[in-house]
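Novice: when you get a sec, could you give me coordinates for this:
(one chain, ligands or ions: 1)
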Amino acid sequence: MRIIKVQNKELLAKKATELFVNVIKNNESPILGLATGSTPERMYELLIEKYKNGEICFANVLAFNLDECVGLAPNHPASYRYYMQQKLYNHVNTEKTNTFLPNGLAIDLEQECNMYEQQIKQTGNIDFLVLGIGENGHIGFNEPGTSFNSRTHIVTMTENTREVNARFFEKIDDVPTKALTMGIATIMEAKEIILLAQGERKADILHKVIHGGITEDIPASILHKHPNVTVITDIAI
Ligand code: GLP
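Specialist: Got it, this is the predicted structure:
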């Protein structure tokens with residue numbers, strides 16, 4: 001696990017963008033794994049700038065998001081599809097048919113998870129996967145206690161996760177209780193992973209991830225077993 005310590009949020013986004021751009025430039029048709037949340041927002045803005053400058057092209061990019069909330073339509077402002085469209089896809093030349101998120105409106109959610117897992121498998125290994133981290137150590141929506149062998153699955157969000165996500169909704173009751181997420185084993189198959197941890201809110205958990213043992217109680221701790229992980233953080237560790 002490589003750790004890149006930067007001074008602030010802006011430099012974190014710049015470093016993440018630099019690694020992202022390398023992957024896009026060095027692969028004919030890169031397969032990406034993408035995250036939502038506030039942490040990668042600035043990285044997406046910088047990527048849009050680079051696209052507009054002609055430095056990078058998304059025409060051959062395939063992208064799978066980590067997760068999606070259950071019950072939110074793609075045009076719901078708190079859905080992750082909506083986020084991806086607003087923060088990246090509407091501004092670059094990705095093909096709509098090349099960008100994937102689990103369908104949180106699927107009638108049969110189990111089947112949707114299996115299909116998503118199959119889609120990733122058939123496409124080939126994810127070349128570059130971006131992760132944020134939850135305050136409880138979750139990656140994607142894999143909450144503490146999730147098996148390290150998990151594949152794309154349905155999760156029940158913890159109360160803490162729902163509270164953290166409440167800022168996107170009028171009231172806490174509107175926050176979805178379930179989500180679909182790539183599993184931990186799915187995430188671990190990516191060839192390269194970057195984990196972005198920004199701000200004091202994440203300091204405690206990042207310390208545990210970096211200095212503690214590997215345990216299912218802290219999903220992100222599994223990343224120690226991955227051969228190509230870079231943690232980019234502005235937190236003193
Ligand atoms: C959500 C997402 C995660 C994300 C996390 C952190 O729970 N499912 O993929 O990493 O939030 O979000 P933020 O970057 O806003 O702290």
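Novice: quick one, what contacts the spatially most central residue of the chain?
Specialist: What sits nearest the mean C-alpha location of the chain, by C-alpha atoms, centre = their mean, is Ala35, with 2.3 Å. Neighbour list for Ala35: Asn65, Leu66, Val130, Leu131, Gly132, Gly140, Leu196 [criterion: C-beta atoms under 8 Å, 6 or more residues apart in numbering]. In short, each C-beta sits where N, CA and C put it, glycine included.
Novice: can you check Arg167 too?
Specialist: Not one residue lies near Arg167 by C-beta under 8 Å, 6+ apart.
Novice: with Thr39 instead?
Specialist: Going by C-beta under 8 Å, 6+ apart, Thr39 touches Gly132, Leu196, Ala197, Gln198.
Novice: if we use 10 Å, what do you get?
Specialist: By C-beta atoms under 10 Å, 6 or more residues apart in numbering, Thr39 lies in contact with 9, 12-13, 16, 130-133, 195-199, 202, 232.
Novice: now swap in Ile218 and tell me
Specialist: Ile218 touches Ile133, Asn136, Gly137, His138, Ile139, Pro144, Gly145, Ile205, Lys208, Val209, Gly212, counting by C-beta under 10 Å, 6+ apart.
Novice: and Ile56, that one's in a helix?
Specialist: No. Counting by DSSP: H, G, I helix; E, B strand; the rest coil, Ile56 is not part of a helix but coil.
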